[in-house]
Structure formats: structure tokens, C-alpha cells
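> Got a predicted model here, sequence first, then my questions.
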Amino acid sequence: MNVTSKQIAELCGVTRGTVDRALNNRPGIRPATRAKILKVAEELGYRPHFLAQSLVKGHTKTLGIVLFDIQNQIFSQLFHAFEAEARKQGYFVYLVLSNRSKELELEYINSLLDRKVDGIALLSINEGKKFESALLKSRTPIVTFGNRISGPFPYVW
């Protein structure tokens with residue numbers, strides 16, 4: 001069972017706002033109260049509710065990378081570099097492989113968008129105005145690499 005900030009507040013005899021200030025190291029809380037809340041949270045194995053935080057903050061700290069091939073050494077090296085830099089910046093990376101299937105690529109892009117990733121790096125095999133329009137409608141930052149798709153998408157190679 002997941003422990004909630006509401007439960008911690010009840011156990012500590014404080015408001016949820018006070019628990020939030022303690023857990024997020026914000027000002028406006030006495031040091032003794034902060035210490036008590038942090039101790040209870042640790043003892044109960046509290047973990048922040050990632051999805052709730054994402055809704056409040058407006059970002060998920062996740063990125064997607066879409067590759068059509070991981071067997072090619074340059075693509076696997078690119079993924080490793082991308083993931084390492086994303087991790088340094090506090091992001092988690094979803095890797096999806098389309099296996100050169102246009103349909104699967106679109107399915108994976110939509111799946112990443114459904115997960116509200118903050119951005120997508122795309123080595124695409126799809127192209128054309130319909131594809132561009134679908135990407136633009138997502139309003140998610142997308143950078144392409146390897147294969148350029150026309151339109152306003154930044155390209156790196």
C-alpha cells in the first residue's frame with residue numbers, strides 16, 4: 001500500500017501543506033516539525049505520487065526516443081549519450097523501437113504522447129504532410145535526427 005501525504009499529515013498532527021513544505025524542502029516550517037515529518041515519511045516508506053506531481057508541475061521529467069534500429073552501433077551510441085545527458089538533467093527516458101514499421105512508429109509516438117513526455121527525439125521513417133500535422137498537433141517538442149522530416153522540426157546529425 002502506498003503511503004500518502006494525507007496519512008503522514010494525520011500521523012504528525014499537521015496539515016498536508018506542512019507535509020508538502022517538509023517533503024519538498026520549502027520554507028515556512030519549524031525545523032523540529034520538518035524533522036518529525038521526514039522521519040515518519042522515511043519509516044513508512046513514503047514515495048511521492050509521480051503522476052500527481054506531474055499534473056501540478058505541468059511536466060513529467062520524461063523524454064521519449066524513437067529509433068527504428070538499435071543494432072546499428074551509431075544508434076545505440078546515440079541512445080546512450082542521449083540517456084546519460086537526460087539523466088544528468090533529471091529526466092527519465094523511454095526508448096521505443098519501431099523496427100522500420102511506419103505503423104508501429106506512429107503507435108509508439110502516440111503512446112509516448114499519451115504518457116505526457118516532455119519531448120521526443122525521433123529517428124523517423126515516416127514522412128509527409130499528414131505525419132507532420134499529427135506531430136505538430138501534439139504540441140510536444142520534437143527533435144529529429146538521422147532522417148530529416150520537413151517542416152519546423154529541429155534536426156540534428
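It's in. Numbering: from 1, shown residues only.
> What pLDDT is listed against the residue most central in space within the chain?
The centroid of the chain falls nearest to residue 62 when counting by CA atoms, centre = their mean (1.3 Å). Note on residue 62: pLDDT of 95.
> which parts of stretch 110-129 are buried?
112, 113, 117, 118, 119, 120, 121, 122, 123, 124, 125, 126 (16 or more other CB atoms under 10 Å). Using the backbone N, CA and C atoms, a C-beta is placed for each residue, glycine as well.
> let me redo that: stretch 91-111
91, 93, 96, 97, 98, 104, 105, 106, 108, 109.
> try stretch 150-157
151, 153.
> Run through the residues that contact the closest residue to residue 123 other than its chain neighbours.
Here the nearest residue to residue 123 in space, its sequence neighbours aside, is residue 146; by CB to CB, 6 or more residues apart in numbering that works out to 4.3 Å. Neighbour list for residue 146: 75, 123, 157 [criterion: CB atoms under 8 Å, 6 or more residues apart in numbering].
> Output these in JSON lines, with secondary structure appended to each entry.
JSON lines is the format used below for those (DSSP: H, G, I helix; E, B strand; the rest coil):
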{"residue": "75", "secondary structure": "helix"}
{"residue": "123", "secondary structure": "coil"}
{"residue": "157", "secondary structure": "coil"}
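> Out of the residues you listed, which is nearest to residue 24?
residue 123 (36.8 Å; CB to CB).
> Quick check, the closest one in contact with residue 66.
Yes: using CB atoms under 8 Å, residue 123 is in contact with residue 66, at 6.4 Å.
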